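**Q** The sequence isn't on hand, but the structure is:
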Ligand SMILES: Nc1ncnc2c1ncn2[C@@H]1O[C@H](COP(=O)(O)OP(=O)(O)OP(=O)(O)O)[C@@H](O)[C@H]1O
Ligand code: FES
């Protein structure tokens with residue numbers, strides 16, 4: 001009981017602390033810094049406890065469990081129902097946890113305890129806070145005809161301005177507008193002094209208020225304006241495609257508490273009043289804060305002035321709106337758009353390094369691992385074991401859960417699968433057929449798929465098949481053995497052949513990047529004299545192949561040219577870490593394996609077999 005009291009007290013204290021912090025300036029509200037690891041842990045917890053959440057443009061939206069409004073015992077089971085309850089927001093840049101219903105803001109770690117499910121027996125949720133904003137203007141009336149005329153907006157009727165919820169304060173001769181947050185709570189007010197045409201903003205403990213005219217229907221687009229005159233002009237135009245929103249502090253500041261109310265919009269058009277170059281910079285900063293991808297701009301020009309000037313000049317407001325251009329081009333990005341990804345990469349460097357091979361520790365040392373989105377080219381002389389090696393290298397990854405798609409154009413799928421199975425088992429099954437069922441059942445559990453193409457194939461259907469498999473089966477690794485089989489028979493001229501190969505490599509490069517899939521291409525080298533060592537330029541075709549590839553692996557066979565020559569795999573290009581080197585390829589014919597670890601395990605087993613009878 002004492003513990004319960006303590007927890008309740010401490011939670012209340014936290015909430016109160018947070019509330020008092022809200023009284024400070026909005027600069028203070030930006031001092032939260034996202035701890036990426038904490039954020040990822042939080043998300044993991046949400047997933048584990050099946051808490052409704054939605055990744056939005058600037059915030060993670062989730063059901064609020066902070067206060068007594070959330071009752072663990074009577075929660076609706078369906079996610080749809082839970083998405084209707086009180087929603088809280090976590091700013092993805094700062095990590096601030098905000099609940100507009102109770103006007104509470106806290107840090108992630110403070111909020112975390114509320115999401116344990118079921119909660120600790122002694123845990124008590126904070127009491128519900130009521131958001132109470134008391135207006136400074138108790139004597140508001142409907143807007144009068146005189147007040148409407150004093151605005152000086154051409155053609156504006158008093159009924160129109162009253163219809164959008166504007167009120168009039170006769171004593172101070174001002175127009176009054178309500179500021180509401182994401183939960184539609186009244187949290188502040190904005191006024192327009194008719195005497196000197198100045199504006200003022202008043203907010204309560206929260207700085208989350210926006211002035212919003214939604215009109216009829218559920219709109220997914222909004223126009224943002226920076227002053228009340230522009231707001232009145234647009235809100236009285238009956239624009240049925242966009243909500244009209246007035247920023248609370250023009251271009252001076254945009255507190256992060258305002259962002260949750262903008263989450264539902266897929267498109268935000270900035271039609272702002274840029275008084276000076278500073279305000280242009282501010283607008284760009286706002287766009288970044290709101291997620292540039294959904295922001296469009298109307299640039300201040302003679303033909304596209306701010307809304308109330310446009311109305312005065314009898315310009316077509318809807319035409320100007322339609323001309324808004326995206327802030328961001330889909331092919332151009334900025335460092336700030338990438339910074340969270342970079343941070344997350346740095347914090348998860350082991351994951352970024354990729355999946356480690358169990359059979360090839362040397363490859364781990366040099367390549368660091370197998371990563372998605374890369375293009376690997378493997379080459380080597382005819383019959384040197386390219387297919388056998390690729391088969392084992394892909395099997396190793398598939399055994400660790402890398403979903404793999406094989407495109408074997410050279411050898412039939414049955415033969416390839418037989419090789420994979422033998423490598424999986426570690427010995428041939430020809431004289432142990434009784435074991436076949438057992439091993440085949442085990443093998444079937446691997447996430448491996450095979451394309452049914454065989455022989456010469458055009459690129460297009462192959463890419464379509466891969467794209468389908470990638471979507472349906474979440475393929476992470478595609479192997480094409482080998483590339484020369486995708487080249488048309490008709491391209492007999494040398495020049496055409498090179499061009500065609502380059503085009504195929506470029507297509508796979510693009511595919512790897514676009515779908516974040518690792519593509520391994522097996523290629524024949526250009527014909528060179530056997531005694532010459534293969535180099536990256538030995539890869540058949542132009543330099544394009546090696547330029548496009550992230551990794552180039554070459555099987556070097558020195559057995560034919562030197563008495564004590566060996567076979568090894570040379571890492572001739574490694575874009576990720578830059579480490580080059582070689583991996584000896586000792587072959588075990590029984591297991592069709594090049595793996596030193598498989599071979600030493602086998603030697604150990606053999607030794608044990610021979611020593612055991614003597615011992616017994
Ligand atoms: N180091 C080795 N020693 C002996 N035999 C090997 C060795 N490596 C592979 N082999 C065998 O050589 C044969 C050819 O191997 P594989 O098909 O993998 O070569 P490839 O380079 O893909 O051939 P191609 O150039 O025809 O595509 C296979 O039967 C394989 O078991
Ligand atoms: S509903 Fe979120 S804190 Fe009360």
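**A** Okay, I see it. Since the model is a prediction, treat every value here as computed from it, not as a measurement. Ligands and ions are numbered 1, 2, ... in the order given.

**Q** The helix or strand containing residue 281 packs against which elements?
**A** Assigned by DSSP states H and E, residue 281 falls within helix 277-290. Contact analysis of helix 277-290 by 3 or more C-beta pairs under 8 Å, 6 or more residues apart in numbering; DSSP states H and E lists helix 259-262, strand 267-270, strand 295-297 as its packing neighbours. Using the backbone N, CA and C atoms, a C-beta is placed for each residue, glycine as well.

**Q** Identify all contacting residues around it.
**A** 57-58, 93, 247, 251-252, 254, 256, 259, 262, 268, 270, 272-274, 295, 297, 327-328, 334, 336 (C-beta atoms under 8 Å, 6 or more residues apart in numbering).

**Q** Just want the residue of the stretch 151-300 of the chain that's nearest ligand 1.
**A** Residue nearest to ligand 1 within the stretch 151-300 of the chain: residue 293 (45.3 Å; C-beta to the nearest ligand atom).

**Q** Which of the contacts of helix 277-290 fall within strands?
**A** If you go by DSSP state E, the contacts of helix 277-290 have 268, 270, 295, 297 in strands.

**Q** For the residue of the stretch 151-300 of the chain closest to ligand 1, list the residues it contacts.
**A** Residue 293 neighbours (C-beta under 8 Å, 6+ apart): 57, 328.

**Q** For residue 119, which non-adjacent residue is spatially closest?
**A** Counting by C-beta to C-beta, 6 or more residues apart in numbering, residue 119 lies nearest to residue 72, which is 6.1 Å off, once chain neighbours are set aside.

**Q** That neighbour reaches residue 115, doesn't it?
**A** No. Residue 72 is beyond contact range of residue 115, at 10.8 Å (criterion: C-beta atoms under 8 Å).

**Q** Name the residues contacting each of those two.
**A** Residues within reach of residue 72 and of residue 115 at once, by C-beta under 8 Å, 6+ apart, are residue 65.

**Q** Give me whichever of the helices and strands packed on helix 277-290 is most buried.
**A** Scoring the helices and strands packed on helix 277-290 by mean neighbour count under mean count of other C-beta atoms under 10 Å gives helix 259-262 as the most buried, with a mean of 24.

**Q** Mind checking if that helix is in reach of ligand 2?
**A** No. Taking C-beta under 6 Å from any ligand atom as the criterion, helix 259-262 and ligand 2 are apart, separated by no less than 11.9 Å.

**Q** how close does residue 393 sit to residue 234?
**A** As for residue 393, its distance to residue 234 is 61 Å (criterion: C-beta to C-beta, to the nearest Å).

**Q** hmm, back to that, pretty sure the residue of the stretch 151-300 of the chain closest to ligand 1 sits in a helix.
**A** Yes. Residue 293 forms part of a helix when assessed by DSSP: H, G, I helix; E, B strand; the rest coil.

**Q** What are the buried residues along the helix or strand harbouring residue 178?
**A** Applying DSSP H and E as the criterion places residue 178 in strand 174-180. The neighbour-count check on strand 174-180 (16 or more other C-beta atoms under 10 Å) flags 174-180 as buried.

**Q** Show residues contacting the next helix or strand after that strand.
**A** The first helix or strand that comes after strand 174-180 along the chain, using DSSP H and E, is strand 186-193. For strand 186-193, the external contacting residues (C-beta under 8 Å, 6+ apart) are 103, 131, 133, 135-137, 169, 172-181, 198-204, 206-209, 211, 228-229, 246, 248.

**Q** helices and strands around the strand or helix carrying residue 392, which ones?
**A** Secondary structure from DSSP H and E places residue 392 in helix 386-398. Under the contact criterion of 3+ C-beta pairs under 8 Å, 6+ apart, helix 386-398 touches strand 375-379, strand 404-408, helix 413-425, strand 477-481, strand 518-523.

**Q** Please state the offset of it from the chain centre?
**A** Remark: helix 386-398 is offset 30 Å from the chain centroid, using C-alpha atoms, centre = their mean, to the nearest Å.

**Q** report the angle between the axes of that helix and strand 477-481?
**A** Angle of helix 386-398 versus strand 477-481, following axes from the mean of the first three to the mean of the last three C-alpha atoms, to 10 degrees, is 170 degrees.

**Q** Could you confirm whether helix 386-398 reaches ligand 1?
**A** Yes. For helix 386-398, a contact with ligand 1 is found by C-beta under 6 Å from any ligand atom, at 386-388.

**Q** who touches that helix?
**A** For helix 386-398, contacts defined as C-beta under 8 Å, 6+ apart pick out 355, 357-360, 363, 370, 378-380, 404, 406, 408, 410-411, 416, 419-420, 423-424, 446-448, 477, 479, 481-482, 520, 522, 555, 569, 585, 592-595.

**Q** Quick one: closest of the helices and strands packed on helix 277-290 to residue 467.
**A** The closest of the helices and strands packed on helix 277-290 to residue 467 is strand 267-270. By C-beta to C-beta, the value is 28.7 Å.

**Q** circling back to that earlier point, for the residue of the stretch 151-300 of the chain closest to ligand 1, give its distance to residue 105.
**A** 26 Å.

**Q** For the stretch 301-450 of the chain, give me the ranges with low pLDDT.
**A** 329-341, 343-345, 347-351 (pLDDT under 70).

**Q** do you know how far residue 455 is from ligand 1?
**A** Distance, residue 455 to ligand 1, using C-beta to the nearest ligand atom, to the nearest Å: 14 Å.

**Q** Tell me who's in contact with that residue.
**A** Applying C-beta under 8 Å, 6+ apart to residue 455 gives the contacts 409, 485.

**Q** Which pLDDT value does the model give it?
**A** For residue 455, the model assigns a pLDDT of 81.

**Q** Could you look up the SS state of it?
**A** For residue 455, the assignment made with three-state DSSP gives coil.

**Q** do residue 76 as well
**A** coil.

**Q** mind checking how far the closest residue in space to it that isn't next to it in sequence is from residue 46?
**A** Leaving out its chain neighbours, the residue that sits closest to residue 76 by C-beta to C-beta, 6+ apart is residue 82, at 5.9 Å. Distance, residue 82 to residue 46, by C-beta to C-beta: 12 Å.

**Q** Residue 597 now?
**A** 39 Å.

**Q** Equivalent analysis for residue 246, please.
**A** 34 Å.

**Q** And these two? Which one has more around it.
**A** Neighbours were counted for residue 246 and for residue 46 using other C-beta atoms under 10 Å; residue 246 has more, 26 against 18.

**Q** hang on, the earlier thing: return the residues in contact with the residue nearest to residue 76.
**A** Contacts for residue 82 were tallied using C-beta under 8 Å, 6+ apart; they are 52, 63, 75-76.

**Q** just curious, which of those is nearest to ligand 2?
**A** Ligand 2 lies nearest to residue 63 out of these, by C-beta to the nearest ligand atom, at 9.0 Å.

**Q** Thought residue 176 was touching residue 137, still the case?
**A** Yes. Assessed by C-beta under 8 Å, residue 137 is found in contact with residue 176 at 5.7 Å.

**Q** Give the residues shared as contacts by these two.
**A** 167, 169, 189, 191.

**Q** Let me have those residues in TSV, adding neighbour count and distance to residue 547 as columns.
**A** Formatted as TSV, the shared contacts of residue 137 and residue 176 follow (neighbours: other C-beta atoms under 10 Å; distance: C-beta to C-beta, whole Å):
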residue	neighbour count	distance to residue 547
167	21	67
169	20	70
189	23	62
191	20	63
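
**Q** Great, nothing more from me.
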